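Visitor: can't give you the sequence, but here's the structure:
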């Protein structure tokens with residue numbers, strides 16, 4: 001580990017530079033345009049999009065002064081940007097011009113240039129719900145579903161295209177985020193007020209970011225010190241006593257230096273048992289989360305450095321009753337995590353299409369858990385580095401990115417397992433190299449072919465090919481196709497953390513081996529002015545998968561399957577903006593997810609994966625009064641039938657409704673909302689709660705809400 005830290009500190013000291021300019025894109029009279037494309041005429045590959053305030057920042061060198069600004073439904077404009085800014089540019093409506101870069105609803109931008117199917121969730125979209133952390137940031141998104149928290153641990157994970165979040169590469173600013181031992185609670189380690197935007201991409205991602213993307217990729221952009229409000233505060237409380245306080249501060253120190261501080265504190269101390277089973281419906285907890293980052297922008301170099309510290313304590317399980325003749329079943333978790341990162345880049349003024357960047361991230365996680373009679377201790381040391389070089393072949397129609405990467409993971413896990421101790425310790429060292437070629441013809445035809453090779457110290461040479469195609473079919477239709485391979489090494493205990501709250505004995509029947517899959521699919525995006533129709537279909541086929549088997553009572557089995565396992569997803573989404581005040585989003589998704597499992601007679605059987613709804617529907621309606629003084633949002637979700645482990649039983653589908661009303665003033669915003677207004681609750685979320693130390697006890701079969709209706713309120717304050 002000391003060599004990892006030394007390497008990080010040496011590279012951390014390397015400062016690179018580049019000049020960054022900023023500005024704002026508006027529609028008269030002073031209405032911000034969200035998701036407008038901003039790029040340099042001299043280097044179209046260097047592009048960015050405006051945020052929810054219409055603001056942007058973009059790198060340039062001394063030879064770049066002419067910007068192209070485009071936005072659907074508006075006249076594309078070319079403007080000169082001399083000096084450092086900040087600049088303000090206006091676009092004029094043009095209903096005849098549909099050849100733009102981004103299809104936009106007022107809260108969600110759809111990237112029309114990227115060869116990958118990508119939606120950008122802005123803070124305006126996040127504000128439609130409480131969004132206390134990343135796990136609660138997808139309530140209005142049709143592509144990402146979040147599993148319901150179990151009553152004991154409160155752990156939540158996402159699903160994309162029918163596959164669990166472990167198959168989705170979730171990064172924080174293109175650095176490793178929710179992976180490894182962070183999977184159980186990693187989504188809750190990213191406060192919602194820290195988020196600037198979330199990029200959600202379906203299918204395999206670029207080889208530049210590694211080999212772990214198997215069903216999709218999520219990249220979370222945090223608030224930047226040179227663009228964020230000088231002061232932002234958010235306070236939240238709900239009816240069971242959960243409280244949160246967030247305070248963000250940013251300051252520009254000079255024309256080159258800026259600094260930001262993001263803070264979060266939250267707690268729940270009330271023991272809540274609404275269903276009367278003597279177990280808490282959600283754990284009590286407290287969390288402190290701090291992030292400090294510095295940013296430097298010079299004439300030729302740029303750099304960012306930051307540190308993040310998290311401390312969280314959770315306690316759940318049976319409510320202590322002195323009258324009991326036995327011990328109470330308790331769940332405890334203590335987690336500390338420390339992360340340091342740097343992002344640096346250098347540009348070449350004489351050749352603006354050329355660039356060199358370095359990303360580094362080092363983290364340490366220490367977790368201690370108790371599940372009744374079982375203790376689970378886990379530690380993770382991780383280091384990641386990615387060096388990227390960009391250039392052209394002849395002209396900017398043919399570009400490439402190539403580079404070197406390095407990943408080191410040290411895992412130390414021990415689980416009591418009812419007296420049969422289970423030790424899972426391993427060190428992974430993975431140097432890698434990648435090459436990605438892009439053919440871009442006027443942004444209408446884009447072909448990206450990538451290949452990476454990684455030398456895994458435990459599993460040998462890993463080859464990962466990926467291919468993406470984006471083709472404009474006229475001025476308002478975009479088609480995308482993709483195919484590629486993904487690979488990951490599972491961490492079974494962390495990935496199935498909530499299943500450990502039971503009397504099931506864990507059995508690893510096979511040594512841990514990599515999982516491999518091929519993903520292929522595509523999408524059609526059709527624009528009708530400001531309205532958008534998205535149709536997509538994807539198929540993931542596993543050639544090797546670790547199966548988590550709960551079919552046998554009392555056992556939690558893990559084994560490797562090389563037989564047929566797959567996930568097929570088809571989705572239709574319609575985004576309507578009937579007027580400046582209304583927006584409507586409707587979506588329907590069908591899933592067919594199957595895995596090959598062992599049977600009692602020694603054979604195998606292809607069955608539906610448990611806890612995966614066959615269908616999903618979403619309807620979101622938002623209304624805003626002039627100047628956004630009042631805003632109202634409602635989100636209806638339907639989850640279809642799901643199979644439960646150990647039987648062919650399918651639980652019926654159910655509907656939940658979330659609503660929120662907010663009032664804006666100059667610097668203040670107040671909001672009041674209700675989650676699960678329909679008050680649907682899973683009956684008997686804990687099996688045999690009266691005898692938690694009996695073999696039949698199981699709190700890991702959660703498929704619906706446990707708590708029921710929840711009223712919350714909060715306030716936001718900002719100084720720009």
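Guide: Arrived safely. Note that the structure is a prediction, hence the values are computed from the model and not measured. Residues are numbered from 1 along each chain as shown.
Visitor: isn't residue 541 up against residue 521?
Guide: No: the pair residue 541 / residue 521 is not scored as a contact, 11.1 Å apart, by CB atoms under 8 Å. Just so you know, the C-beta spots here come from the backbone N, C-alpha and C atoms, and that holds for glycine as well.
Visitor: tell me which of the two has more neighbours.
Guide: Using other CB atoms under 10 Å, the more surrounded residue of residue 541 and residue 521 is residue 521, with 22 against 14.
Visitor: who is that one paired with across the strands?
Guide: In this structure, residue 521 bridges to residue 482, residue 538 when assessed by DSSP bridges.
Visitor: ok, it to residue 330 distance?
Guide: Remark: distance between residue 521 and residue 330 (CB to CB, to the nearest Å) = 45 Å.
Visitor: which SS class is the closest residue to residue 266 other than its chain neighbours?
Guide: Computed as CB to CB, 6 or more residues apart in numbering, the closest residue to residue 266 that is not its neighbour in sequence is residue 244, at 4.0 Å. Here residue 244 is recorded as strand under DSSP: H, G, I helix; E, B strand; the rest coil.
Visitor: how about residue 499?
Guide: Look at residue 499: counting by three-state DSSP, its state is helix.
Visitor: go on, residue 645?
Guide: coil.
Visitor: so what's the residue count around it?
Guide: Counted with other CB under 10 Å, the neighbours of residue 645 add up to 19.
Visitor: same check, this time on the one 3 residues further on
Guide: Applying other CB under 10 Å, we find 8 residues neighbouring residue 648.
Visitor: wait, a helix at it?
Guide: No: secondary structure of residue 648 (three-state DSSP): coil, not part of a helix.
Visitor: list the contacts for the closest residue to residue 129 other than its chain neighbours?
Guide: Once flanking residues are discounted, residue 129 sits nearest to residue 139: 4.8 Å by CB to CB, 6+ apart. By CB atoms under 8 Å, 6 or more residues apart in numbering, the contact set of residue 139 is 128, 129, 131, 146, 635, 637, 658.
Visitor: what helix or strand is residue 139 located in?
Guide: Here residue 139 sits in a region with no helix or strand, counting by DSSP states H and E.
Visitor: how about it, phi and psi?
Guide: Torsion angles at residue 139 (phi, psi; degrees, to the nearest 10) stand at phi -60, psi -30.
Visitor: ok, back up a step: buried subset of the contacts of residue 139, written for PyMOL?
Guide: Only the buried entries of these go into this PyMOL selection, using 16 or more other CB atoms under 10 Å:
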select buried, resi 128+129+131+146+635+637+658
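Visitor: just the contacts of residue 139 now: which is nearest residue 172?
Guide: The shortest approach to residue 172 among the contacts of residue 139 belongs to residue 131, at 16.1 Å (CB to CB).
Visitor: roughly how far apart are that closest one and residue 673?
Guide: When distance is defined by CB to CB, residue 131 is 10 Å away from residue 673.
Visitor: okay, and the spatially closest residue to residue 393 that is not a sequence neighbour sits in which element?
Guide: Distances taken as CB to CB, 6+ apart put residue 400 closest to residue 393, at 6.6 Å, once the chain neighbours are dropped. In the assignment (DSSP H and E), residue 400 maps to strand 395-415.
Visitor: now swap in residue 124 and tell me
Guide: Take DSSP H and E as the rule and residue 124 turns out to sit in helix 123-126.
Visitor: residue 53 now?
Guide: When elements are defined using DSSP H and E, residue 53 is found to belong to no helix and no strand.
Visitor: contacting residues for it?
Guide: 24, 32.
Visitor: ok, now with 10 Å
Guide: Going by CB atoms under 10 Å, 6 or more residues apart in numbering, residue 53 touches 24, 25, 26, 32, 34, 122, 123, 124, 227, 229, 720.
Visitor: and if you look at residue 365?
Guide: The contact partners of residue 365, taken as CB under 10 Å, 6+ apart, are 180-182, 186, 189, 310, 335-339, 378-382, 411, 494.
Visitor: doesn't it belong to a strand?
Guide: Yes: counting by three-state DSSP, one finds residue 365 located in a strand.
Visitor: tell me the bridge partners for it.
Guide: Beta-bridge pairing for residue 365 (DSSP bridges): residue 337, residue 380.
Visitor: correct me, but residue 260 touches residue 290?
Guide: No: the criterion here is CB atoms under 10 Å, and residue 260 misses it with residue 290 at 11.6 Å.
Visitor: on that earlier part again, can you name the next helix or strand after the helix holding residue 124?
Guide: strand 144-146.
Visitor: which secondary structure elements does that next one contact?
Guide: The helices and strands touching strand 144-146, judged by 3 or more CB pairs under 10 Å, 6 or more residues apart in numbering; DSSP states H and E, are strand 158-160, strand 195-202.
Visitor: helices or strands next to the shortest one in the packing?
Guide: Strand 158-160 is packed against strand 144-146, strand 168-172, strand 195-202, strand 216-222, strand 565-576, with contacts defined by 3+ CB pairs under 10 Å, 6+ apart.
Visitor: what sits up against that strand?
Guide: Outside strand 158-160, the residues within contact range by CB under 10 Å, 6+ apart are 134-135, 137-138, 141, 143-147, 164-168, 170, 178, 187, 200-203, 214-218, 538, 567, 569, 591, 593, 611-613, 616.
Visitor: partner strands of whatever helix or strand comes next after that strand and their direction?
Guide: Heading C-terminal from strand 158-160, the first helix or strand you meet, by DSSP H and E, is strand 163-164. Strand pairing for strand 163-164, using DSSP bridges, gives strand 158-160 (antiparallel).
Visitor: how far off centre is the partner strand?
Guide: Averaging C-alpha positions (CA atoms, centre = their mean, to the nearest Å) puts strand 158-160 9 Å from its chain's average.
Visitor: which SS class is the spatially closest residue to residue 396 that is not a sequence neighbour?
Guide: Closest residue to residue 396 apart from its sequence neighbours, by CB to CB, 6+ apart: residue 353 at 5.4 Å. Secondary structure assignment for residue 353 (three-state DSSP): coil.
Visitor: residue 353 and residue 389 touch, don't they?
Guide: No: using CB under 10 Å as the test, residue 353 is too far from residue 389 to be in contact (11.7 Å).
Visitor: give me the more crowded residue out of the two.
Guide: Taking other CB under 10 Å, residue 353 and residue 389 do not tie; residue 353 has more neighbours (17 against 13).
Visitor: now do that one against residue 209, distance only.
Guide: From residue 353 across to residue 209, the span is 21 Å (CB to CB).
Visitor: kindly report the same for residue 137.
Guide: Separation of residue 137 from residue 209 (CB to CB): 20 Å.
Visitor: now residue 255
Guide: The gap separating residue 255 from residue 209 is 32 Å, by CB to CB.
Visitor: ok, these two, which is more surrounded?
Guide: More neighbours surround residue 209 than the other of residue 255 and residue 209, with 21 against 10 (other CB under 10 Å).
Visitor: hang on, isn't that one packed against residue 405?
Guide: Yes: between residue 209 and residue 405 there is a contact under CB under 10 Å: 9.0 Å.
Visitor: now the common contact residues for the two.
Guide: Common neighbours of residue 209 and residue 405, counting by CB under 10 Å, 6+ apart, are 359, 386, 388, 434, 452.
Visitor: nearest to residue 295 among these?
Guide: The closest of the shared contacts of residue 209 and residue 405, once distances to residue 295 are taken by CB to CB, is residue 359, at 14.4 Å.
Visitor: so what's that closest one closest to, chain neighbours aside?
Guide: Looking at residue 359 with CB to CB, 6+ apart, the closest residue is residue 386, at 4.6 Å.
Visitor: helices or strands up against the one helix or strand the one you found maps to?
Guide: If you go by DSSP H and E, residue 386 is part of strand 374-393. Strand 374-393 makes packing contacts with helix 2-12, strand 175-178, strand 330-347, strand 355-371, strand 395-415, strand 422-441, helix 492-495 when contacts are defined by 3+ CB pairs under 10 Å, 6+ apart.
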